[in-house]
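J.: Here is a sequence together with a model predicted from it:
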Amino acid sequence: MRATTSRALRIALLLVTPLTVLAADGPGDDEPWEVLVSGYAYFIPGDDDYLQPTVAADRGRTHLEARYNYEDRDTLSVWLGANFGGVSGDLEWGLTPMVGAAFGQTRGVAPGVEGWLAWRWLEFSTEGQYFFDAESSDDRFVYFWSELSVAPREWWRIGLVGQRTRVYDTELDVQRGLLLGFSGERWSLTGYLFNPDQDDGVLVVGADYAF
């Protein structure tokens, strides 16, 4: 489900951050932190609506992140990762392998990854994790959120989205849907409609702000 971090805006932030392939040292003393605050409101038929907030901070290779209501409701997870990225002509990419721990209603640890690939007006982004539940090995679970979108203009995009989650019950193991997003220099607003052909379609509204 997305957690994580922003989509289109996250890509812009990673490009601003001085990332290079196999050549970046640690951040200098004068290199600023890039902070991204996001919130995703879930509107679920027949269930309680909820908000999933995330705060991410990047400085050079260093990536820090905190999520709430991502692995489960009333659950906080914290993450540490390393940023990698590159640009080759019109092709741009970023990859952030991470490790995290969750506390609250659900407890455990997880390896995870966030990544994106952009070519001209086409963009693919994904985030995922394999969660090891601390109470039962039977509760291990793969979470992911992926998007494929096109941006006819710099300020808006349209595309497809898919996710796998267990924060709320759904008839589909992998949910799929549509997205429509708008963005400015430091903000983005995106609407997602999962399972539009089902009676239990889920509406998600996400907002991001960077500073």
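T.: Thanks, I have it. Numbers count the residues shown, from 1 in each chain.
J.: And the helices in the chain?
T.: 8-16 (DSSP state H).
J.: which regions of it lie under the pLDDT threshold?
T.: Within the chain, the stretches with pLDDT under 70 are 1-29.
J.: For the closest residue to residue 84 other than its chain neighbours, list the residues it contacts.
T.: Leaving aside its chain neighbours, residue 84 sits nearest to residue 95 (4.8 Å; criterion: CB to CB, 6 or more residues apart in numbering). Every C-beta, even on glycine, is put in place using the N, C-alpha and C of the backbone. Counting by CB atoms under 8 Å, 6 or more residues apart in numbering, residue 95 makes contact with 83, 84, 85, 113, 114, 115.
J.: And the first one, how close does it get to residue 202?
T.: So the one you mean is residue 83. As judged by CB to CB, to the nearest Å, residue 83 and residue 202 stand 31 Å apart.
J.: neighbour count winner among those two?
T.: Each of residue 83 and residue 202 has its neighbours counted (other CB atoms under 10 Å); residue 202 has more, 23 against 20.
J.: Show me the strands in the chain, by range?
T.: 34-43, 50-59, 62-68, 75-82, 84-88, 91-104, 108-119, 122-133, 141-153, 156-164, 175-183, 187-194, 202-210 (DSSP state E).
J.: Most neighbours among the contacts of residue 95, which one?
T.: Neighbour-wise, the contacts of residue 95 (other CB under 10 Å) top out at residue 114, 27 neighbours.
J.: Give the bridge partners for that residue, please.
T.: For residue 114, the beta-bridge partners are residue 96, residue 127 (DSSP bridges).
J.: Equivalent analysis for residue 42, please.
T.: Residues in beta-bridge contact with residue 42 (DSSP bridges): residue 50, residue 204.
J.: Looks like it contacts residue 50 (just checking).
T.: Yes: assessed by CB atoms under 8 Å, residue 42 is found in contact with residue 50 at 5.3 Å.
J.: and the gap between residue 121 and residue 83?
T.: Counting by CB to CB - residue 121 and residue 83 are separated by 24 Å.
J.: about what we covered before: who touches both of residue 42 and residue 50?
T.: Joint contacts of residue 42 and residue 50 (CB under 8 Å, 6+ apart) are residue 167.
J.: The two: who's more crowded?
T.: Neighbour tally, residue 42 and residue 50, criterion other CB under 10 Å: the higher count belongs to residue 42, 22 against 16.
J.: now the more buried one: how far from residue 207?
T.: Distance from residue 42 to residue 207, by CB to CB: 13 Å.
J.: next one: residue 60
T.: 26 Å.
J.: Also residue 167?
T.: From residue 167 over to residue 207 (counting by CB to CB), the distance is 19 Å.
J.: Compare those two and say which is more crowded by neighbours.
T.: Shown here are residue 167 and residue 207; by other CB under 10 Å, residue 167 has more neighbours (20 against 15).
J.: got a list of what that one touches?
T.: Residue 167 neighbours (CB under 8 Å, 6+ apart): 1, 42, 50, 52, 69, 70, 71, 72, 73.
J.: Can you say which of these are buried?
T.: Neighbour counting over the contacts of residue 167 (16 or more other CB atoms under 10 Å) leaves 1, 42, 50, 52, 69, 70, 71, 72 as the buried ones.
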